[in-house]
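J.: fold the following and give me the result.
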Amino acid sequence: ELEPEHGYVDVTTPPQESFVSDPPDGRIPYNAYGLARRNAHRAGLSRGWPGESAERLHADPNTYCMVSIGPRGGFGEIIQQPGLVMMVTARTHRVIPTDGRPHLGDRAKFWRGSSRGRWDGNSLVIDIRSLNGKHWFDSVGNIYTENTRMIERLTMVDANTIDYELTVEDPTIYTRPWTM
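T.: So this is what the prediction gives:
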């Protein structure tokens, strides 16, 4: 989501269309607190240099090779086994239990959170909690927190197509759940 009120976006960041499908205006529904946090990142937007603090520079955590979740985390290959699904990319992998086990406790926080999956027809629904809140949705400072819950839905459309949807909720920084 690139908004016109922010004139500077790093030249290595290509222009992009909004990735928000709900709400219909294509904007993340930040509350005042969330918008202030997002704007602080945008005001100091920088790629930074290795060894410098990402928080100080407001640099995209991907700059420092931090693994992400959601659409930036990607999935190159999906492997299904009894009781789990694995998503494997060149950089990392996710193991998503589908055997009904509970999430980890709320005190444990991780870059990729705690994922639990279930099948809803031909859709894999993944509930993500226990995020550390230090990553961004994109390279221009759209954020989530350690209180965010995400629901991924991957639906097989045909042999070569997977429809991907992510719903995000966190009343500490958004006015309502939203979807990309």
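J.: below-threshold pLDDT in the protein: ranges please.
T.: 1-18, 44-75 (pLDDT under 70).
J.: hey, where'd the helices end up in it?
T.: Ranges of helices within the chain are 32-43, 54-57, based on DSSP state H.
J.: any chance of the ones you listed in CSV, plus mean neighbour count and distance to residue 25?
T.: In this view, the C-beta of every residue, glycine as well, is placed from N, C-alpha and C. Shown next, in CSV, are those (neighbours: other CB atoms under 10 Å; distance: least, CB to CB, whole Å):
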stretch, mean neighbour count, distance to residue 25
helix 32-43, 15, 14
helix 54-57, 14, 30
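J.: in TSV: these, plus distance to residue 95.
T.: Compiled in TSV, the helices of the chain are given as follows (distance: least, CB to CB, whole Å):
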stretch	distance to residue 95
helix 32-43	30
helix 54-57	26
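J.: so which of those comes closest to residue 173?
T.: Residue 173 lies closest to helix 32-43 among these, at 2.9 Å (CB to CB).
J.: give me the distance from that closest one to the chain's centre.
T.: Helix 32-43 sits 17 Å away from the centroid of its parent chain (CA atoms, centre = their mean, to the nearest Å).
J.: can I get that helix in CSV? Just the C-alpha atoms.
T.: The C-alpha trace of helix 32-43 is given here as CSV (Å, rounded to 0.1, in the frame of the first residue of the first chain):
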residue,chain,number,x,y,z
ALA,A,32,-4.6,6.4,15.4
TYR,A,33,-1.9,4.5,17.4
GLY,A,34,-1.2,2.1,14.5
LEU,A,35,-1.0,4.8,12.0
ALA,A,36,1.4,6.8,14.1
ARG,A,37,3.7,3.7,14.4
ARG,A,38,3.5,3.1,10.7
ASN,A,39,4.2,6.8,9.9
ALA,A,40,7.2,6.7,12.2
HIS,A,41,8.6,3.9,10.0
ARG,A,42,7.8,5.8,6.8
ALA,A,43,9.3,9.1,8.1
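J.: name whatever forms a beta bridge with residue 84.
T.: Beta bridges link residue 84 to residue 81, residue 97 when assigned by DSSP bridges.
J.: next, count neighbours for it.
T.: 15 (other CB atoms under 10 Å).
J.: can you give me the distance of it to residue 100?
T.: The gap separating residue 84 from residue 100 is 11 Å, by CB to CB, to the nearest Å.
J.: ok, which of the helices of the chain comes nearest residue 180?
T.: Of all the helices of the chain, the one in closest proximity to residue 180, counting by CB to CB, is helix 32-43 (15.2 Å).
J.: that'll do, ta.
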